[in-house]
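# got a structure for you, letters missing:
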């Protein structure tokens, strides 16, 4: 497992946010025989404290998904009702393709993903760090076509809409297979710290993988 630690760039570590932990624990508890849970298994009462931050995605094409259910956090960030909108609307155009690759990995792996985002600051819009958790779900036919997601951010959202740059992602396959770490070219000065260091092509970054 990896975690994000900021240097002097005001990067906020949200990886251990209690809302993310609650939703992750709920999803893990639904995994009978370590299989991906069904969408029908999700009971809002099981994540009641996290509902404001939660959402459900439906896969519509490779790397593309629309929001079927959206909590208030997405509405506040975008200044509009997000139900029916593509989830990629939250992501800036320069990192949208990287986001789509990660999203497709969640569906096709299947895999769970932690994504770190950054929204630039401007007048009426404070800079924001955000963390997104994506957890795959099976549809009625047994295939992975849904995702239970949750998004948390630091501070007030400011004037809507907000656009987030994907800084990096951490994926873990459900079957216990390979782990993937991705860092985008817009990543702030930060480090992914664990046991074994692997250099990246970005001079100000280190990607490290912890052996479990």
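Sure thing, it's come through. Here the structure is a predicted model, which means the values were calculated and not measured. Numbers count the residues shown, from 1 in each chain.
# Point out where this protein drops to low pLDDT.
Residues of the chain meeting the criterion pLDDT under 70: 1-12, 176-212.
# Just the helices from it, written as ranges.
Counting by DSSP state H, the chain has these helices, from start to end: 18-29, 72-78, 96-108.
# quick one: buried residues of the last one?
In other words, helix 96-108. For helix 96-108, the neighbour count (16 or more other Cβ atoms under 10 Å) marks 96, 98, 99, 100, 102, 103, 104, 105, 106, 107 as buried. C-betas here are computed from N, CA, C, even on glycine.
# by contact count, what packs against that helix?
In terms of contacts (3 or more Cβ pairs under 8 Å, 6 or more residues apart in numbering; DSSP states H and E), helix 96-108 is packed against strand 64-70, strand 111-119, strand 128-138, strand 144-153, strand 165-173, strand 179-183.
# Which one of these lies nearest to residue 17?
Closest approach to residue 17 among the helices and strands packed on helix 96-108 (Cβ to Cβ): strand 144-153, 4.8 Å.
# got the angle between that closest one and strand 64-70?
Using axes from the mean of the first three to the mean of the last three Cα atoms, to 10 degrees, the direction of strand 144-153 lies 70 degrees away from that of strand 64-70.
# I'd like the helices of the chain as CSV, with distance to residue 66 appended.
As requested, the helices of the chain are exported to CSV (distance: least, Cβ to Cβ, whole Å):
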stretch, distance to residue 66
helix 18-29, 20
helix 72-78, 12
helix 96-108, 11
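# between those, which one is nearest to residue 133?
Nearest of the helices of the chain (Cβ to Cβ): helix 18-29, 5.0 Å.
# now what about the closest one, what contacts it?
14, 37, 46-47, 49-50, 53-54, 112, 114, 131, 133, 135, 148, 150, 152 (Cβ atoms under 8 Å, 6 or more residues apart in numbering).
# Weed out the non-buried ones from these.
Using 16+ other Cβ under 10 Å as the threshold, 14, 37, 46-47, 50, 53-54, 112, 114, 131, 133, 135, 148, 150, 152 are the buried ones among the contacts of helix 18-29.
# so what's residue 152 up against?
Taking Cβ under 8 Å, 6+ apart, one finds 14, 17, 19, 20, 53, 73, 130, 131 in contact with residue 152.
# picking that back up, can you redo the helices and strands packed on helix 96-108 as a markdown table with distance to residue 30?
Supplementary listing: the helices and strands packed on helix 96-108 in a markdown table, determined by distance: least, Cβ to Cβ, whole Å:
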| stretch | distance to residue 30 |
| --- | --- |
| strand 64-70 | 17 |
| strand 111-119 | 13 |
| strand 128-138 | 9 |
| strand 144-153 | 9 |
| strand 165-173 | 17 |
| strand 179-183 | 22 |
